[in-house]
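Visitor: Return atomic coordinates for the entry below.
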Amino acid sequence: MRIDVISDFVCPWCRLGALRLRKAIDGQSASGGEPAEVHWHGFFLNPDTPPCGEPYHSFMARKFGSAAAVERLHRRIEDVAAGDGIVFRFDAMRVRPSTLRPHALVDRLQAQGYDVSALVQGIFEGHFIEGRNIGLASDLEAIALAAGLPARPVRAALDHTPQRLALDRLARAVGADSVPIFVFDHRLAVTGAQSTSVLAEAIAGRHGGNG
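Guide: Numbering: from 1, shown residues only. Okay, the predicted model is just below:
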């Protein structure tokens, strides 16, 4: 089964959805289900973010109206994620990064046939756990090498000038205005950070979908 995932690395619901998808795939594999091949596609929640990023907390306060509103949002995400044993460290986050470079790195390595699953997880954790600026080539190189990817293609990919229109083409094709979106075998779309059980049903072909 092919699963296309449209997401953004600064979206906490995308991280939650990606981890739930991994659990759903592992559960299906353990029960003898069809192997899944995951393809990652970019989405830009904030396409105008400067390449070097910008201060996280002031950005979020502007976007959601106040620091108190941001705090409520963070607590809600943490409460939902706790049910899956997933941790976010919002207090450690200092930079709201541009996601152009991380999307480009994943896209280029994926196109070359590399397994980018550990890289994707590492980029999410770099942002939401370690407070790294995942828009910087140096941070991304460290994350990619820690994920077991070879240095030469990683550095070549990071030297490549990314083009946004090439990275969010699937998101534009399906008219995405929020993420995550999971597309199963080009026929069934499930939107949002759905539960592991809902994603497992979609993998098994028993879910009605959202599109």
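Visitor: How about residues contacting the helix or strand where Val38 lies?
Guide: In this structure, Val38 sits in strand 37-42 according to DSSP states H and E. If you take Cβ atoms under 8 Å, 6 or more residues apart in numbering as the criterion, strand 37-42 is touched by 1-8, 21, 25, 99, 103, 106-107, 110, 116-117, 120, 164, 167-171. C-betas here are computed from N, CA, C, even on glycine.
Visitor: helices or strands up against the top helix by length along the chain?
Guide: In the chain, with assignment by DSSP state H, the single longest helix is helix 12-30. Applying 3 or more Cβ pairs under 8 Å, 6 or more residues apart in numbering; DSSP states H and E, we find helix 12-30 packed against strand 2-7, helix 67-82, helix 117-128, helix 196-203.
Visitor: Average pLDDT for that helix, rounded please.
Guide: Helix 12-30 shows an average pLDDT of 94 in the prediction.
Visitor: relative to strand 2-7, how tilted is that helix?
Guide: 160 degrees (axes from the mean of the first three to the mean of the last three Cα atoms, to 10 degrees).
Visitor: buried residues in helix 12-30?
Guide: Residues of helix 12-30 classed as buried by neighbour count (16 or more other Cβ atoms under 10 Å): 12-22, 24-25, 27-28.
Visitor: Give me the domain ranges for the protein.
Guide: For the chain, automatic domain parsing gives the domain ranges 2-45+98-203, 54-96.
Visitor: how long is the last one end to end?
Guide: Across its full length, domain 54-96 reaches 5 Å between end residues, using Cα to Cα, to the nearest Å.
Visitor: Centre of the chain to that domain, how far?
Guide: 16 Å (Cα atoms, centre = their mean, to the nearest Å).
Visitor: Pull the most distant pair out of the buried residues of helix 12-30.
Guide: Farthest apart among those by Cβ to Cβ are Pro12 and Gln28. That separation is 24.9 Å.
Visitor: Residue most distant from the centroid, the protein?
Guide: Of all residues in the chain, Gly32 has its C-alpha farthest from the mean position, at 26.8 Å, by Cα atoms, centre = their mean.
Visitor: That residue: what secondary structure?
Guide: Using DSSP: H, G, I helix; E, B strand; the rest coil, the structure places Gly32 in coil.
Visitor: Which residue, other than its chain neighbours, is closest to His127?
Guide: Of all residues not flanking His127 in the chain, Ile134 sits nearest, at 5.0 Å (Cβ to Cβ, 6 or more residues apart in numbering).
Visitor: Model confidence score at the one you found, please.
Guide: We note a pLDDT of 98 for Ile134 in this prediction.
Visitor: neighbours around it, how many?
Guide: Number of residues near Ile134 (other Cβ atoms under 10 Å) recorded here: 26.
Visitor: ditto for Arg72
Guide: Residues near Arg72, counting by other Cβ under 10 Å: 12.
Visitor: how far is the helix or strand bottoming out on mean pLDDT in the chain from where the chain is centred?
Guide: In the chain, the helix or strand scored least confidently by mean pLDDT, DSSP states H and E is helix 164-167, which has a mean of 88. Relative to its chain's centre, helix 164-167 lies at 16 Å (Cα atoms, centre = their mean).
Visitor: Kindly report the same for stretch 150-165.
Guide: Relative to the chain's own centre, stretch 150-165 is displaced by 18 Å; criterion: Cα atoms, centre = their mean.
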